[in-house]
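>>> The sequence and its predicted three-dimensional model are supplied below.
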Amino acid sequence: MGFKINSKNFVPEGEPSVSEMADFCEIKALLDGHGYSLVSLQSALGISGDDELNQENGDDDSHFLQVEEVLREIDDRLLNSANNYPFQASRFGLDINPNCDRSVKEVYTFLLLATRVNMNQMKIQDGINATDVFERLSAVIIQHYWGDSAQAFVIGTGADENHFKNKVEQAIEQIGEPGTQFRWPDGSTKQEKDGNVDVIAFIPFADNRKGRFIAMGQCKTGTNWRSSISENIPKAFVDGYISPPFTFSPVPLFFVAESFYDNWETLQRYSTGILFDRCRLMQYLPQSIEQNLIQDITQWNQSIFDILAP
């Protein structure tokens with residue numbers, strides 16, 4: 001899952017996964033503005049031979065089967081995102097759906113690029129930090145996932161102890177669990193950035209009494225998030241920084257920009273909570289999104305395409 005875009009000339013190397021090849025086709029289609037043919041994919045991957053995609057003679061060549069798997073992957077993404085997907089597959093390639101809503105296209109494009117560009121080098125474009133944008137987007141989506149009564153916000157990161165302390169105190173105030181306050185855990189160096197929590201969601205009660213649904217999540221762009229999936233332990237965050245701890249242990253959430261299927265059950269188990277990949281995020285994308293967020297997403301996307309354009 002390590003396929004990265006570092007320049008205008010990019011192609012998955014080695015033995016790319018189906019997800020990597022699908023991402024590659026999607027990016028090429030967006031750069032073209034119309035679509036990307038699977039014959040071009042064959043050429044990019046160095047596949048030679050009969051270019052006819054429908055092998056009527058029963059040829060089961062692994063290369064052609066691999067290309068056909070890309071088409072199935074595209075169909076799966078359409079279904080798994082509840083049609084919030086800007087592409088459509090045919091026998092011959094991948095086309096951009098001209099009827100796709102603009103916000104759906106921009107958000108999907110953002111998640112795609114935030115997976116495949118080198119985020120160590122390219123995450124900040126025109127002063128817009130894609131990591132921060134992904135956290136804001138995740139908060140919007142998780143709020144929509146839990147319904148109109150839910151509230152969600154980004155806890156944010158910072159470089160000093162006061163920033164972190166202030167953010168947690170603001171979170172406590174927003175959640176409104178009575179009688180709770182911030183505390184530094186014993187032995188703390190007071191150098192925490194975010195305590196492995198990026199987004200908090202909760203469902204309030206009008207009675208202002210203890211005991212309400214709370215969820216805390218981490219947000220990861222790129223493809224190197226698998227080793228971090230078990231680090232999201234909201235109970236440790238609450239026990240360490242909030243006194244007394246919330247009566248309800250928060251549900252862990254883990255948001256990733258990548259679309260993947262490898263080892264899903266194992267990774268879901270390690271996350272100990274709810275895992276949201278690209279398609280799950282798209283499924284619960286609300287129809288109306290704050291204009292400032294869409295503008296930042298669109299501007300960041302365009303900056304990346306300006307770099308990649310031939």
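Nice, thanks for sending it over.
>>> tell me the domain ranges of this protein?
Following automatic domain parsing, the chain resolves into domains at 18-100, 125-301.
>>> Would you single out the least confident of those?
Comparing mean pLDDT across the domains of the chain, the weakest is domain 18-100, with a mean of 81.
>>> what sits against Leu111?
Contacts for Leu111 were tallied using C-beta atoms under 8 Å, 6 or more residues apart in numbering; they are Phe134, Ala257, Ser259, Arg278, Leu281, Met282. Glycine gets a C-beta too; all of them are placed from N, C-alpha and C.
>>> Could you look up the SS state of it?
helix (DSSP: H, G, I helix; E, B strand; the rest coil).
>>> Make TSV from the domains of the chain and add distance to Arg116 and mean neighbour count to it.
Compiled in TSV, those are given as follows (distance: least, C-beta to C-beta, whole Å; neighbours: other C-beta atoms under 10 Å):
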stretch	distance to Arg116	mean neighbour count
domain 18-100	6	17
domain 125-301	8	17
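>>> Among the ones you listed, which comes closest to Glu106?
domain 125-301 (5.0 Å; C-beta to C-beta).
>>> The stretch 101-250 of the chain: helices as residue ranges?
For the stretch 101-250 of the chain, the helices defined by DSSP state H, counting those that start in this stretch occupy 102-116, 119-122, 130-146, 161-175, 234-241.
>>> What about the contacts of Leu111, which are in helices?
Phe134, Arg278, Leu281, Met282 (DSSP state H).
>>> Arg102: neighbour count?
Neighbourhood size, Arg102 [other C-beta atoms under 10 Å]: 10.
>>> again, but for the one 5 residues further on
Other residues within reach of Val107, judged by other C-beta under 10 Å, total 26.
>>> doesn't Leu137 make contact with it?
Yes - applying C-beta atoms under 8 Å, one finds Val107 in contact with Leu137, separated by 6.9 Å.
>>> what do these two both touch?
When C-beta under 8 Å, 6+ apart defines a contact, the residues bordering Val107 and Leu137 alike are Ile297.
>>> What segments of the chain are strands?
Using DSSP state E, the strands found in the chain span residues 35-37, 87-89, 93-96, 124-125, 128-129, 151-154, 181-182, 199-203, 213-220, 242-243, 251-256, 274-276.
>>> Can I get those in JSON lines including distance to Thr115?
Formatted as JSON lines, the entries for the strands of the chain read as follows, by distance: least, C-beta to C-beta, whole Å:
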{"stretch": "strand 35-37", "distance to Thr115": "17"}
{"stretch": "strand 87-89", "distance to Thr115": "15"}
{"stretch": "strand 93-96", "distance to Thr115": "17"}
{"stretch": "strand 124-125", "distance to Thr115": "16"}
{"stretch": "strand 128-129", "distance to Thr115": "16"}
{"stretch": "strand 151-154", "distance to Thr115": "20"}
{"stretch": "strand 181-182", "distance to Thr115": "35"}
{"stretch": "strand 199-203", "distance to Thr115": "18"}
{"stretch": "strand 213-220", "distance to Thr115": "10"}
{"stretch": "strand 242-243", "distance to Thr115": "33"}
{"stretch": "strand 251-256", "distance to Thr115": "8"}
{"stretch": "strand 274-276", "distance to Thr115": "13"}
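>>> For Ala22, which of these is the nearest?
strand 93-96 (8.3 Å).
>>> Okay, now the sheet partners of the closest one, with direction.
In the sheet, strand 93-96 lines up against strand 35-37 (antiparallel), strand 87-89 (antiparallel) (DSSP bridges).
>>> Let's have those strands in TSV, adding distance to Gln299.
Converted to TSV, the strands paired with strand 93-96 look like this (distance: least, C-beta to C-beta, whole Å):
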stretch	distance to Gln299
strand 35-37	24
strand 87-89	22
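>>> so which of these comes closest to Ala206?
Proximity of the strands paired with strand 93-96 to Ala206 was assessed by C-beta to C-beta; the nearest stretch is strand 87-89, lying at 43.9 Å.
>>> Please list the outside residues in contact with that closest one.
Contacts of strand 87-89 with the rest of the structure, by C-beta under 8 Å, 6+ apart, involve Glu26, Ala29, Leu71, Ile74, Asp75, Arg77, Leu78, Leu94, Asp95, Ile96, Asn97.
>>> From the chain's centroid, how far away is stretch 230-248?
When C-alpha coordinates are averaged (C-alpha atoms, centre = their mean, to the nearest Å), stretch 230-248 and its chain have centres 24 Å apart.
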